[in-house]
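In: Predicted model, plus sequence, below.
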Amino acid sequence: MALALSSRLEAILFAAGESLSKARLAALLEVSPESVTDACNALRITLADRGLTLVETENDIELRTVADAAEDIKKL
């Protein structure tokens, strides 16, 4: 079974460990920029009430930990 585009996006962002441009994500995923936007919206819903969130600027997207987890993460 093929992964959903939002799951593929999540995997790339997690592995990258830094923000990636929407254009680069579209190229990596071999989809249109509009499809990247749709996948971001779907992923954002999936990540609701979880320890990760999407941070999106005009040009870039990054997967980060949520602010509410900061105290736990500081213990690392």
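Out: That came through fine.
In: tell me the contacts of residue 12?
Out: Counting by Cβ atoms under 8 Å, 6 or more residues apart in numbering, residue 12 makes contact with 20, 25, 28-29. For glycine as for every other residue, the C-beta is placed from the backbone atoms N, C-alpha and C.
In: Next, work out how far apart it and residue 61 are.
Out: Distance, residue 12 to residue 61, using Cβ to Cβ, to the nearest Å: 10 Å.
In: Identify the contacts common to these two.
Out: 20, 25.
In: So which residues of this structure form strands?
Out: Under the criterion DSSP state E, the chain carries strands at the ranges 20-21, 52-56, 60-65.
In: State the pLDDT value of residue 62.
Out: The per-residue pLDDT reported for residue 62 equals 98.
In: That one is in contact with residue 52, isn't it?
Out: No. Look at residue 62 against residue 52 with Cβ atoms under 8 Å: they stay out of range, at 10.4 Å.
In: Low-confidence stretches in this structure?
Out: Scanning the chain for pLDDT under 70 picks out no residues.
In: Can you check what angle separates the helix ranked longest in it from strand 52-56?
Out: The longest helix of the chain (DSSP state H) is helix 33-46. In terms of direction (axes from the mean of the first three to the mean of the last three Cα atoms, to 10 degrees), helix 33-46 departs from strand 52-56 by 150 degrees.
In: With mean neighbour count and distance to residue 4 added, can I get the strands of the chain in a markdown table?
Out: What follows is these, written out as a markdown table (neighbours: other Cβ atoms under 10 Å; distance: least, Cβ to Cβ, whole Å):
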| stretch | mean neighbour count | distance to residue 4 |
| --- | --- | --- |
| strand 20-21 | 17 | 18 |
| strand 52-56 | 15 | 15 |
| strand 60-65 | 17 | 16 |
